[in-house]
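Need a 3D model of the following:
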Amino acid sequence: MLASVFSKSRPINYILIGVALVIFYFLYLTKDTYWAGSYLLVLQKAGLLLLLSASLFLVNFITRRNTLSKANTYAMFLFMMFLVLLPTTLVNINIIISNFLLLLALRRLISLQSLITPKEKIFDASFWIFASALFHFWSLLYIVLVFISIIFHVYRDYRNWIIPFIAFFAVAIIYYMAILMLGRDFFDHLHGEARISFDFTYFENIYQNITLAVFSSFAVLFSVTQILALPGKPLNMQSSYQKIIYSFFIGVAVYVLSADKNNSFLAFTFAPLAIMGANYIESQENVWIREGIPTLLVAISLFLFLSQL
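Okay, here's the model as predicted:
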């Protein structure tokens, strides 16, 4: 039933997903209502909800604009369910902002295939990636995706290889201006994040452990099947799908390398995994598999979400 509902791109689907996000967001916030006593914190929570909503619709825009899936809302639905499955993402300010900026970068890199204004797209993508690193240091790894995209499409022009460095200096100038205006304390978190840690013993309860196992299972299913299906994709679309796959593995690398990690750091994998998951679901001819996968994801996500309230 769920697969049938989201198999079309209808206004009601956007409303359902949007309403579900609002409900789950505020349900999770009820764990600790300290923020309700401050107008500034209430505005902050509202702003984060807007960023999460924008991220949802940006995932849908990237998918539909670049025809990475058929005319459905599977990717948007899966992205929302990953937020429910790993609810610590909903309250991690830096991860929400960093991931949103990376989605802006991914949008530009996927559209690079059209070869329309490639230099502007390379600069924009690089700029957003370096900006995202101000909120989570290891998201800097996504600059690799910029150079992969250059190799795919515009490697012959040497100027394209220089543009990411120009974007770096642009962000560096803005960073130091922000330090002068806001104080170094505003970016103190960067010093703690600029180190590597392979400590995975961060779980606060058994449910977070189970959540990671469940998410990993879906990640393996969606990523492996799409890697195997890649040779069957249209030749003119293969580079776009490859960028999505690379984006997913870079997101995994960000999670693995990050210090003081928690499940919310997996948010960087949500968008590419949602797009790969959408392709997997729509490719299933067996109705039981097509309906069973999203239903199973919803059932497990709801159980684990409610268990952590």
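
can you give me the helices for the stretch 51-200 of the chain?
Assigned by DSSP state H, counting those that start in this stretch, the helices in the stretch 51-200 of the chain fall at 74-85, 93-110, 118-133, 143-153, 159-182, 189-193.

And for the stretch 201-309 of the chain?
Using DSSP H, counting those that start in this stretch, helices in the stretch 201-309 of the chain cover 206-229, 238-257, 270-283, 287-307.

hey, which of those is tucked in deepest?
helix 270-283 (a mean of 26; mean count of other C-beta atoms under 10 Å). Yep, even glycine has a C-beta here, placed from its N, CA and C like the rest.

Direction-wise, compare that helix with helix 287-307 and give the angle.
For helix 270-283 against helix 287-307, the angle by axes from the mean of the first three to the mean of the last three C-alpha atoms, to 10 degrees is 150 degrees.

Number the residues from 521 up from this point.
Happy to do that; since the first residue is 521 now, the last one works out to helix 790-803.

who does helix 790-803 touch, helix- and strand-wise?
If you count contacts as 3 or more C-beta pairs under 8 Å, 6 or more residues apart in numbering; DSSP states H and E, helix 790-803 packs onto helix 559-585, helix 594-605, helix 613-630, helix 726-749, helix 758-777, helix 807-827.

returning to that earlier point: so for residue 769, which of the helices of the stretch 571-720 of the chain sits nearest?
helix 663-673 (9.9 Å; C-beta to C-beta).

who does the closest one touch, helix- and strand-wise?
With contacts taken as 3+ C-beta pairs under 8 Å, 6+ apart, helix 663-673 sits against helix 613-630, helix 638-653, helix 679-702, helix 758-777.

Of all these, which one comes closest to residue 588?
Across the helices and strands packed on helix 663-673 (criterion: C-beta to C-beta), the nearest stretch is helix 758-777, sitting at 6.3 Å.

Next, the angle helix 726-749 makes with that closest one.
Going by the same axes, to 10 degrees, helix 758-777 makes 150 degrees with helix 726-749.

Can you list the low-confidence ranges for the chain?
Residues of the chain meeting the criterion pLDDT under 70: 703-712.

Mean neighbour count, the helices of the stretch 571-720 of the chain: which tops it?
For the helices of the stretch 571-720 of the chain, the largest average neighbour count (mean count of other C-beta under 10 Å) is found in helix 594-605, namely a mean of 26.

What helices and strands are in contact with it?
Under the contact rule (3+ C-beta pairs under 8 Å, 6+ apart), helix 594-605 is packed against helix 531-549, helix 559-585, helix 726-749, helix 790-803, helix 807-827.
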